[in-house]
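A.B. asks: Got a predicted model here, sequence first, then my questions.
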There are 2 protein chains.
Amino acid sequence: MDRQLELSNIRHVLIRLEETIIFGLIERAQFAQNLVIYQKGGVGDELPHESLMDFMLHETEKTHALVRRYTSPDEHPFFDDLPAPILPALDFSTTPLHPNAININRRIRRLYEQELIPKLCRPGDDRQYGSSAVNDVILLQSLSKRIHYGKFVAESKFRGGREPFDALIRARDEVGIMRAITNAEVERDVLDRVHLKATTYGRELDRNSEGFKVDPDLVRNIYAQWVIPLNKEVQVAYLLQRLISDASP
Amino acid sequence: MDRQLELSNIRHVLIRLEETIIFGLIERAQFAQNLVIYQKGGVGDELPHESLMDFMLHETEKTHALVRRYTSPDEHPFFDDLPAPILPALDFSTTPLHPNAININRRIRRLYEQELIPKLCRPGDDRQYGSSAVNDVILLQSLSKRIHYGKFVAESKFRGGREPFDALIRARDEVGIMRAITNAEVERDVLDRVHLKATTYGRELDRNSEGFKVDPDLVRNIYAQWVIPLNKEVQVAYLLQRLISDASP
């Protein structure tokens, strides 16, 4: 099997992304909610039709597109009007994924701005708009990567045993597919590990402070309520179209 | 005294930046050195006269300049041809700093690329150029902020007691100024805390791994060899010009 699809490699990527996401949560939680940065026209006449977040995310994606970030099958942009890369393309002809156009970033962003930020950050406005938006971009990108990695997970499970999947996919049995990809024990392990990491990384280590920079239970809940379920939704969506014009092995 | 100059507030900012820098080191250390991204023309004909790092840092700074990052007295750009902000300026007329143009980012970047990266990352090339450069930008920006924060430290010390400084500055006694701003006990505390944080945040928490993502001794050395000495150099440079056309209190 393709190295990228070996479960041990997928597992390694997902575990490593936990650090990136938890560091990102801790960094963003330094600043107040600053909800004005998510409102179109919120920061003034200079950006009348977009939010500061729109602007920062779009500009960042334009730069990253130029250095071919979105030619990689594990990266998904939030905008669809990005420039072509100026770097010569890496060879992704060997991508192990079935051709697909699944991208749930619009939903990830809505959940992020409307539900995650109000839980993660203290209410109010500290005028740290630029810093907040810069950290939002980094955190959103890592959440998007973690969630869309469901494609690799699903492809790996599919190739590991087509037996249950072929019939479920042909019957378009979403509930059955969801059940087939679900492993409650693995999910519990992820949540326990994420909680342990958040407890470790988020602890105040200055002798004049105590407590946590971000509540470890909140980090666990972010995984339990959003990251894992959305990852599984990507897996189901990916498998539902896995048999269409199937040219891969 | 201006709130931004109270030692407790400066201390809080510097301690909080330790997390940002350590997280940044851990993130960058995922990838190989990829030294080609620091070479002009290294990534191909599309960027014939600049390195990938030049390009990413420049594009990022252009975006951040538009949202007024560099109007803040604690932020210093690596490039000097950045666009004017599109956001209305925050009122920094109350900046507590003496007017100055000190910016040692050119040196920080040279040390970063030539000395820090070869120690931080495993040798070789893993083709993760975009990811490496994105993480380089974040890490360089946090190192620059930490080092240039010496301006606030110096201003606070100066206002806390001009007695030793006035004469030393008039005599342009750099060695004497360096001695006056140095507190070996505080430095040892910083190094101990940074080592503890690196030990905690860098520990592998997956039961299948052990050891550290980044050697805590290396993190300590980065502070001991570069961060603290360069911060003190900024303090000395700042104080040397502190009396010139002194219009502030």
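C.D. replies: Nice, thanks for sending it over.

A.B. asks: what packs against the helix or strand of chain A with the lowest mean pLDDT?
C.D. replies: Scoring the helices and strands of chain A by mean pLDDT, DSSP states H and E places helix A:7-28 at the bottom, with a mean of 91. When contacts are defined as 3 or more C-beta pairs under 8 Å, 6 or more residues apart in numbering or on different chains; DSSP states H and E, helix A:7-28 packs onto helix A:117-120, helix A:129-148, helix A:150-160, helix A:184-201, helix A:216-222, helix B:7-28. Yep, even glycine has a C-beta here, placed from its N, CA and C like the rest.

A.B. asks: try 6 Å this time
C.D. replies: Where contact means 3 or more C-beta pairs under 6 Å, 6 or more residues apart in numbering or on different chains; DSSP states H and E, helix A:7-28 is packed against helix A:129-148, helix A:150-160, helix A:184-201.

A.B. asks: Relative to B:R106, tell me which of those wins on proximity.
C.D. replies: helix A:129-148 (22.5 Å; C-beta to C-beta).

A.B. asks: and the closest one, what's its mean pLDDT?
C.D. replies: For helix A:129-148, mean pLDDT rounds to 96.

A.B. asks: Could you do stretch A:153-168 as well?
C.D. replies: On average, stretch A:153-168 scores 94.

A.B. asks: buried ones in it?
C.D. replies: A:V153, A:A154, A:E155, A:S156, A:K157, A:F158, A:F165, A:L168 (16 or more other C-beta atoms under 10 Å in any protein chain shown).

A.B. asks: Of those residues, which is the nearest to B:H148?
C.D. replies: Proximity of the buried residues of stretch A:153-168 to B:H148 (C-beta to C-beta) peaks at A:V153, which lies at 43.6 Å.

A.B. asks: which ones are touching that closest one?
C.D. replies: The contact partners of A:V153, by C-beta atoms under 6 Å, 6 or more residues apart in numbering or on different chains, come to A:I10, A:Q235.

A.B. asks: Serialize the helices and strands packed on helix A:7-28 to JSON lines and add fields for distance to A:I15.
C.D. replies: Below are those laid out as JSON lines (distance: least, C-beta to C-beta, whole Å):
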{"stretch": "helix A:129-148", "distance to A:I15": "11"}
{"stretch": "helix A:150-160", "distance to A:I15": "13"}
{"stretch": "helix A:184-201", "distance to A:I15": "7"}
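
A.B. asks: Residue numbers of chain A in contact with chain B?
C.D. replies: A:15, A:23, A:43-44, A:46, A:59, A:63, A:67, A:69, A:86-88, A:130, A:196-197, A:201, A:205-206 (C-beta under 6 Å from any C-beta of the partner chain).

A.B. asks: Can you tell me which of these are buried?
C.D. replies: A:I15, A:F23, A:V43, A:E59, A:T63, A:V67, A:R69, A:L87, A:G130, A:K197, A:Y201, A:L205.

A.B. asks: between these, which is nearest A:N221?
C.D. replies: A:K197 (14.2 Å).

A.B. asks: which ones are touching that closest one?
C.D. replies: A:E18, A:I22, B:L205.

A.B. asks: Check what pLDDT it gets.
C.D. replies: pLDDT, A:K197: 93.

A.B. asks: just A:A184 next, same as before
C.D. replies: Reported pLDDT at A:A184 in the predicted model: 96.

A.B. asks: try the one 4 residues further on
C.D. replies: A:R188 carries a pLDDT value of 97.
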